[in-house]
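Novice: sequence-free structure coming up:
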């Protein structure tokens, strides 16, 4: 099957985040987009529901911050709740 080059315009930060995610899944951007497009054809539409967020923007922002902190290799890790509470003097 012949392939054709395709260009899309996306937010730079979104592209970086997506490329990082796809890399963790063993995919490059082209492979991930091919999977997405094949799923669209298979489902005869988008392969997911489009909905309004169920959370307030502040909650979504807090969840994104928690994900960033969790991915940061410099973040201190704990093996137990007791260890974490001891570190904050509780």
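Specialist: Good, I have the coordinates. Fair warning: this is a prediction, and the values are worked out from it, not measured in the lab.

Novice: secondary structure element for the most centrally placed residue in the chain?
Specialist: Ranked by distance to the mean C-alpha position of the chain (C-alpha atoms, centre = their mean), the top residue is residue 21 at 5.8 Å. When elements are assigned from DSSP states H and E, residue 21 belongs to helix 12-24.

Novice: Name the residues that touch stretch 43-55?
Specialist: Applying C-beta atoms under 8 Å, 6 or more residues apart in numbering, the contact partners of stretch 43-55 are 36, 39, 40, 60, 63. The way it works is simple: take the backbone N, C-alpha and C, and place the C-beta from them, glycine included.

Novice: For it, the averaged confidence score.
Specialist: Confidence for stretch 43-55, expressed as mean pLDDT, is 91.

Novice: give me the low-pLDDT residue ranges for this protein?
Specialist: Low-confidence regions of the chain, defined here as pLDDT under 70, cover residues 90.

Novice: Distance of the residue nearest to the centre of the chain relative to residue 89?
Specialist: 37 Å (C-beta to C-beta, to the nearest Å).
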